[in-house]
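J.: sequence first, then the predicted structure, then my questions.
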Amino acid sequence: MTVKEVAHYLRRCTKTILTRLESRDLRGYKEGRKWRIRREWLLEYEQRLINRTESERAAQ
């Protein structure tokens, strides 16, 4: 998937996705100058976000 497709899926701006890729929060690889993200990596990232949110709610 492209950065634009991931941003659309997560409802975030492309700059946020690029930041996550560069900080390695979200796995991806570069094809030339463009980032690519495998669907399973995106789903793993999404699950980590869900788990983090649930654990924060449980801590309150």
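T.: Yep, it's here. Quick caveat: nothing in here was measured; it's all calculated off a predicted structure.
J.: K4 - how many residues pack around it?
T.: By other C-beta atoms under 10 Å, the residues close to K4 number 11. Using the backbone N, CA and C atoms, a C-beta is placed for each residue, glycine as well.
J.: contact partners for it?
T.: Contacts for K4 (C-beta atoms under 8 Å, 6 or more residues apart in numbering) come out as T14.
J.: give me the pLDDT value at it.
T.: On the pLDDT scale, K4 is placed at 98.
J.: and if you look at A58?
T.: 85.
J.: run a quick neighbour tally on it.
T.: With other C-beta under 10 Å as criterion, A58 counts 7.
J.: grab the most central residue of this protein for me.
T.: Centroid-nearest residue in the chain: L26, 4.4 Å away (criterion: C-alpha atoms, centre = their mean).
J.: my guess is that one meets R20, correct?
T.: Yes - counting by C-beta atoms under 8 Å, L26 touches R20, with 4.1 Å between them.
J.: overlap of the contact sets of the two?
T.: Both L26 and R20 are in contact with Y45, where contact means C-beta under 8 Å, 6+ apart.
J.: just to revisit the earlier point, before we go further, the residue nearest to the centre of the chain is sitting in a strand, right?
T.: No - under DSSP: H, G, I helix; E, B strand; the rest coil, L26 sits outside any strand and is assigned coil.
J.: that one and R12: what is the separation?
T.: Per C-beta to C-beta, to the nearest Å, L26 is found 10 Å from R12.
J.: so which other helices or strands are in contact with the top helix by length along the chain?
T.: Longest helix in the chain by number of residues (criterion: DSSP state H): helix 39-59. Identification of packing neighbours for helix 39-59 by 3 or more C-beta pairs under 8 Å, 6 or more residues apart in numbering; DSSP states H and E yields helix 3-10.
J.: how about the helix it packs on: buried residues?
T.: The neighbour-count check on helix 3-10 (16 or more other C-beta atoms under 10 Å) flags 3, 6-7, 10 as buried.
J.: reformat those as a markdown table; add distance to T16.
T.: Below are the buried residues of helix 3-10 laid out as a markdown table (distance: C-beta to C-beta, whole Å):
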| residue | distance to T16 |
| --- | --- |
| V3 | 10 |
| V6 | 10 |
| A7 | 7 |
| L10 | 8 |
